[in-house]
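Participant: Sequence below, structure please.
(2 chains)
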Amino acid sequence: MTTAPERAVEQRDELGEPSDLRPGGQVGRPVLRYGGDARTSGAQRFVADLRFPGSLQVALVTVPVGCADVLGVDTAAARAIPGVVDVVTAADLPSPMPRFGVSHTDRPVLADGRVNYHGEAVAAVVAETLDAAQAAARAVVVDYRELPGVYTLDAALADGAHLVQDPSIRPGHALAGTNVLEDAHYAWGDIEAEEARTDVVVENDYTFPMVTHFPIEPGGTVVVPTDQGGLDVYSPVQHPYLLQRTIASVIGLPLNQVRVFAPDPGGGFGGKQNPKLEPLIAFLALRTRRACRIVLSLEETFQSMRRAGCRMTARTGFTRDGELTFHRVTADFQIGAYADVAPRVMGKGSYVAAGPYRIPGVRIDARAVMTNTTPSTAFRGFGSPQVSWAMESQLDAGARELGLDGLEIRRRNLVLKGEAFVRGESAAEADGEWHQALEKAAELIGWGTPLPPDRGRGIAVGIKPGATSGLSQSLVRLLCDGSAIVYAGTSDMGQGARTLWQQIVADELGADLDRVSVVSGDTGTVPFDLQTSASRSTVFMGSAVLEACKDVRQRVLELYAESTGVPAEQLGERAGVLITPDGEVSLPEAARQALGSLRGEFIGQGTRRLRGKSKHPLGGDAAFYEFNATAIEVEVDRETGELLLTRHVTVSDVGTELNPLQVVSQDEGAAIMGLGHSQMEQLLLDEHGRIRNLGALDYRIPTFKDVPLELVSAAVENHDGPGPYGSKGISEGALLCTAGALGSAVADATGVVIRDLPLTPERVWTALHASETPVTPSP
Amino acid sequence: MTIHDHLVDDDLQTVTLNVNGSERTVAVPAHRTLLDGLRDEVGLPGTKSCCAEGECGACTVLLDGKAVNSCLVLCVEAEGHEVTTVEGLSADGLTDLQEEFLNAGAVQCGFCIPGQVVSAEYLLRTNPSPDEAEIREALSGNLCRCAGYQRIVRAVQATAVRRCAQ
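Facilitator: Here you go, the predicted model:
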């Protein structure tokens, strides 16, 4: 069986409907996951499963505080342990300490005299066995002096606060000397005039917690020195080409001497995008001239990636009719000790901080504030879930004042297709029929029907800009027997990218699905792809694969003409076939005839490049917007504060479902992940900047028991996306506004509004009891 | 005896494990978990390691037919017991359960799936017709960050229907 039975995707509109684009084709069908057999049988090899005979094991040395000066590192005892090959400190690395980073070149390969967050390595032990490496890491004695690190937004923004960043990183920068790494400001319209004509104003503060990615695969890296003086780097990364460039740059090697193998990440969610420990392991491999391997613990993974927390203040105006007049919002993103991609999370998130609404006057002021904490990075949704929490809650606050409900206030303000929701120099317009998603979500949740006591419903919408620039390239080889190989650099971390390439090539070249294979995860053989992020791959890489197939067809046509003597002008081609004066020939058959007895193959190349705009704050217009409407019905237990989600509906504007089974998997997954930061997840720090809930025992993520009683994923398909067959990216939509929908539902059920996430039982119970404090009777 | 002798346990124990029906003798320190023994000594990396503290279920195996977190069992404790890993379940090709995981779209990144499959297999062997609440309860120790939970529940339900029809 290659496709799923219909019951697997019964919620979808009309199963296989997009196949009308390609009658009898694979695109649009619930084709089963490429590589699925290995993923279920245990045969899939993740990085920790790869074996490198004779490799050395690496363990890291840290200090038990979040901010400290390193006064000395005594490695003698560690070196004496049998099996220890090397103990490397900052002094053993090039001077000045090599640094790297995607937005600022600020992150040292090893802590350079200063520890800036808990878990930052000050030394690395390399040993013949993991036991020896770990024992030696414990035996390294670090003399350090704790510094008054800043672990909260308030501490970081206080006068005279400890500066997280080394001042030499951005000399002369306007914000140098503060903990604000970057800020972003977006404004349009005449706010004062709009406020003057406003009937109702709501102003509130909101917080969104720091949360961690918690991939079930903690990850790791192996670096193998090659006989040619280069390095083979194995790391389950989303951006193998970025890692290649980073290693080459830090070490000083040409790109062709650094070959990155990226085994499929066992969950990425943004956390496995940017280089972290790989440069260190590369230096260790060069020093020891041996393969060096590290497999992280889950605790170490917690200490290497997280989402930025956010504190927002929003002031929002409405007319008596419920139309938005103005929106002012400030958003402080709590980023970590190094920039990573956090400034872009702040900038791109705050760009849509006014939501997908028609608002005449807007002012958005956002800051990326550094603290002595785990560097925050990309995380599904980027900065959108944070700002959406405030915006959607404000809409409901306005609705309550005006006597409208959550659906009606959104109906009155949501932009129509083609209408701008960001105005001014870098405007953005709705690129989908977003009202359809809103209405569908309302219908599926049963909006307006009566509810029993302590139950409530909420509805919210969210948007996220897709990728704005970058290059994706693909090669497709059509072999003489009609089978095909696709080379596409997208990392398949669960979204199922390879399945889509297989479907596209099967249709475009007329090949059987099971005769199309995909090569990825190797910078030595697969052409450049900027990155696997921002739900860009379907649109960018999918278009490149499609173009490569067209290129193959053209080459088949040309050689067919040459081989058969039929003039090329009399030949034509379309998906899967060559059109000859004598009728249509399947493309594999035409290829076989064209190649003749000497055999051979055809190679097609496809490129999708979006150049971007240098003056655009996002680096260019988004190729598409992800839009989602979520509606939640919740039952609140007043005794315990626990929330029981009785129904959860997510509707995304997907353009075209290339594979409905994969769309529903991604959509449901995003929805439940959104419940994590909405209901239970938050990183808690102690006064030394250490994560208190470090690990799976104390940090809760959604389990089977947290899945709503009914979870309904549906889609809007208008075939209006920029990707193949009218597709759009879809992998983040369902978590953009989960929190807003849940908060609204809790308020509907209880009358109590909570503005801080997550909505834990304790927080809900506390809010309920505070609201029930008896009012002193008037005399 | 120096302090270092306490830091690295070189005292190896010889342990004979019955894994997937075959006897395997390994020499491991007493503190070596069954999880690491299976992965590193026996050479069966299908069982995955995540939290290493019994919270995530990625390392689930059958010990004498019962689902356990292999990170909480020592190799020396497993001696004389029958261990079945995901590789053992799949020895003759994909099982009906594994097929239904794929059919339901339950497999995304795949890292948790071996543990899910073993836990679900244990459930179906002990309760051939579980209802949804029982499935959720039985699998609640297996985390999936891709959150394919609803899909996995369907896969287990579909397998139960298939098995009951046989």
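Participant: so how far is A:Lys272 from the closest residue to chain B within chain A?
Facilitator: Closest to chain B within chain A is A:Gly42: 2.2 Å, counting by CB to the nearest CB. C-betas here are computed from N, CA, C, even on glycine. Applying CB to CB, to the nearest Å, the value for A:Gly42 to A:Lys272 is 22 Å.
Participant: Look at these two and report which has more neighbours.
Facilitator: Higher neighbour count among A:Gly42 and A:Lys272: A:Lys272, with 30 against 26, using other CB atoms under 10 Å in any protein chain shown.
Participant: From what I see, the more buried one and A:Val237 are in contact.
Facilitator: Yes - A:Lys272 lies in contact with A:Val237 (CB atoms under 8 Å); the separation is 5.3 Å.
Participant: Quick check: neighbours shared by the two?
Facilitator: Counting by CB atoms under 8 Å, 6 or more residues apart in numbering or on different chains, the residues touching both A:Lys272 and A:Val237 are A:Pro265.
Participant: Tell me who's in contact with the residue of chain A closest to chain B.
Facilitator: Counting by CB under 8 Å, 6+ apart, A:Gly42 makes contact with B:44-47, B:85-87, B:90, B:114.
Participant: Recalculate using a threshold of 6 Å.
Facilitator: Contacts for A:Gly42 were tallied using CB atoms under 6 Å, 6 or more residues apart in numbering or on different chains; they are B:46, B:86-87, B:114.
Participant: Considering only the residues you listed, which also neighbour chain A?
Facilitator: Within the set of the contacts of A:Gly42, contact with chain A (CB under 6 Å from any CB of the partner chain) is found for B:46, B:86-87, B:114.
Participant: out of these, who's nearest chain A?
Facilitator: B:Gly46 (2.2 Å).
Participant: How much space separates that closest one from A:Ile294?
Facilitator: The gap separating B:Gly46 from A:Ile294 is 22 Å, by CB to CB.
Participant: show me where pLDDT drops low in chain B?
Facilitator: Applying pLDDT under 70 to chain B picks out residues B:1-10.
Participant: if we go to 90?
Facilitator: Counting by pLDDT under 90, chain B contains low-confidence residues at B:1-11, B:166.
Participant: Tell me which stretches of it form strands.
Facilitator: Listed in chain order, the strands of chain B (DSSP state E) span residues B:12-19, B:22-29, B:60-63, B:66-69, B:82-84.
Participant: What is the neighbour count of residue 114?
Facilitator: Unless you meant another one, I'm taking chain A. Under the neighbour criterion other CB under 10 Å, A:Arg114 is assigned a count of 18.
Participant: My question was about chain B, not that one.
Facilitator: When neighbours are counted by other CB under 10 Å, B:Pro114 comes out with 30.
Participant: now swap in the one 5 residues further on and tell me
Facilitator: For B:Ser119, the count of nearby residues is 25 (other CB under 10 Å).
Participant: Pull the distance from stretch A:97-111 to the chain's centre.
Facilitator: 22 Å (CA atoms, centre = their mean, to the nearest Å).
Participant: Check which residues of it are buried.
Facilitator: Neighbour counts over stretch A:97-111 (16 or more other CB atoms under 10 Å in any protein chain shown) mark A:98-104, A:106-111 as buried.
Participant: For A:Asp507, the count of nearby residues, please.
Facilitator: So A:Asp507, with other CB under 10 Å, has 26 neighbours.
Participant: Give the closest residue to it in space, chain neighbours not counted.
Facilitator: Distance criterion CB to CB, 6 or more residues apart in numbering or on different chains; nearest residue to A:Asp507, sequence neighbours excluded, is A:Gly25 at 4.2 Å.
Participant: In this structure that neighbour contacts A:Ala506, no?
Facilitator: No - using CB atoms under 6 Å, A:Gly25 is not in contact with A:Ala506, being 7.6 Å away.
Participant: Just say helix, strand or coil for A:Asp69.
Facilitator: Following DSSP: H, G, I helix; E, B strand; the rest coil, A:Asp69 is assigned to strand.
Participant: Would you check that my belief about it contacting A:Glu146 is correct?
Facilitator: No - in this structure A:Asp69 lies outside contact range of A:Glu146 using CB under 6 Å: 8.4 Å.
Participant: Comparing these two, which residue is more hemmed in?
Facilitator: Remark: of A:Asp69 and A:Glu146, A:Glu146 carries more neighbours, 15 against 12, as counted by other CB under 10 Å.
Participant: how about that one, what does it touch?
Facilitator: A:65, A:68.
Participant: Quick check: it vs A:Cys67, distance?
Facilitator: 7 Å.
Participant: A:Leu416: how many residues sit nearby?
Facilitator: A:Leu416 has 11 nearby residues by other CB under 10 Å.
Participant: Look up the closest residue to it, ignoring the ones flanking it.
Facilitator: A:Ala430 (6.5 Å).
Participant: State the pLDDT value of the one you found.
Facilitator: As predicted, A:Ala430 sits at a pLDDT of 98.
Participant: you'd agree it is up against A:Lys417?
Facilitator: Yes - using CB under 6 Å, A:Ala430 makes contact with A:Lys417 at a distance of 5.1 Å.
Participant: quick one: which of the two has more around it?
Facilitator: Using other CB under 10 Å as the criterion, A:Ala430 and A:Lys417 rank with A:Ala430 on top: 21 against 15.
Participant: residue contacts, that one?
Facilitator: By CB under 6 Å, 6+ apart, A:Ala430 lies in contact with A:415, A:417, A:419.
Participant: quick one, what contacts the first one?
Facilitator: Going by CB under 6 Å, 6+ apart, A:Val415 touches A:356, A:358, A:421, A:430.
Participant: Quickly note the distance from it to A:Arg358.
Facilitator: With CB to CB as the criterion, A:Val415 and A:Arg358 are 5 Å apart.
Participant: Please apply the same query to the second one.
Facilitator: With the distance defined as CB to CB, A:Lys417 ends up 13 Å from A:Arg358.
Participant: One more: the last one?
Facilitator: Using CB to CB, one obtains 6 Å as the distance from A:Glu419 to A:Arg358.
Participant: The two - which one has more neighbours?
Facilitator: Legend: neighbour count by other CB under 10 Å for A:Glu419 and A:Arg358, higher for A:Arg358 (18 against 13).
Participant: and the more buried one, what is it in contact with?
Facilitator: With contact taken as CB under 6 Å, 6+ apart, A:Arg358 is in contact with A:413, A:415.
Participant: Now it. Its backbone dihedrals?
Facilitator: When read as degrees, to the nearest 10, the backbone of A:Arg358 gives phi -90, psi 100.
Participant: and it, what pLDDT?
Facilitator: 98.
Participant: A:Leu286 falls within a helix, correct?
Facilitator: Yes - remark: A:Leu286 belongs to a helix, assigned using three-state DSSP.
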